[in-house]
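A.B. asks: Provided below are the primary sequence and the corresponding predicted coordinates.
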Amino acid sequence: MKKHFALALLAVASMASAAKYGTAGCGLGSLAFGDQKGMIQIVAATVNNILIPQSSAITTGTSNCTEDGVALVDRERALFAEANFQVIKQEIAMGQGENVAVLASLYGCNGASVGSFGSAVQASYGTIGKSASAPEMLDAIDGVVRSNAALSTCHSN
């Protein structure tokens, strides 16, 4: 395993441009192994989650985690909201929780703005809580993020 990891790091260092990625998805492993077929995708998936977590690459739009130059963060946000819809609504009512913190990070909030995000969405629970679907909830949250000065370091898109 150490040998594969060292090879991955060498490959990343020597690659000048990003290649397409294989079944392991985007991330550092995709830079090292591209879309090679077979068991190497297991190594790529492992690399994607050891050195720089794949979720970080998706959030920042690095390591092949872009779509026409636009970060896949909107898609990750939508998938996360869909998978955790009811729990997120419950945590928004409280203004805090693990899922609210993850959602805040998917909006680009960090540091003190994560707490501000929780407070802002809690204050808007009357609107957000009525959401019948994850996309509707995210639309409401987008409006909160755009209109709240305390969330200026966060972004809705």
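C.D. replies: Arrived safely, thanks for sending. Numbers count the residues shown, from 1 in each chain.
A.B. asks: lowest-pLDDT helix or strand in the chain?
C.D. replies: helix 2-14 (a mean of 40; mean pLDDT, DSSP states H and E).
A.B. asks: that one: what's the following helix or strand?
C.D. replies: Using DSSP states H and E, the helix or strand that follows helix 2-14 in sequence is helix 28-33.
A.B. asks: quick one: list the elements packing against the following helix or strand past that following helix.
C.D. replies: Using DSSP H and E, the helix or strand that follows helix 28-33 towards the C-terminus is helix 40-48. Judged by 3 or more C-beta pairs under 8 Å, 6 or more residues apart in numbering; DSSP states H and E, helix 40-48 is in contact with helix 2-14, helix 28-33. All C-beta atoms are positioned from the backbone trio N, CA, C, and that covers glycine.
A.B. asks: export helix 40-48 to CSV, keeping only CA atoms.
C.D. replies: Provided in CSV are the C-alpha atoms of helix 40-48 (Å, rounded to 0.1, in the frame of the first residue of the first chain):
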residue,chain,number,x,y,z
ILE,A,40,-6.1,0.8,-9.6
GLN,A,41,-9.4,2.6,-9.0
ILE,A,42,-9.4,1.1,-5.5
VAL,A,43,-6.1,2.7,-4.9
ALA,A,44,-7.4,6.0,-6.4
ALA,A,45,-10.4,5.9,-4.1
THR,A,46,-8.1,5.3,-1.1
VAL,A,47,-5.8,8.2,-2.1
ASN,A,48,-9.0,10.3,-2.6
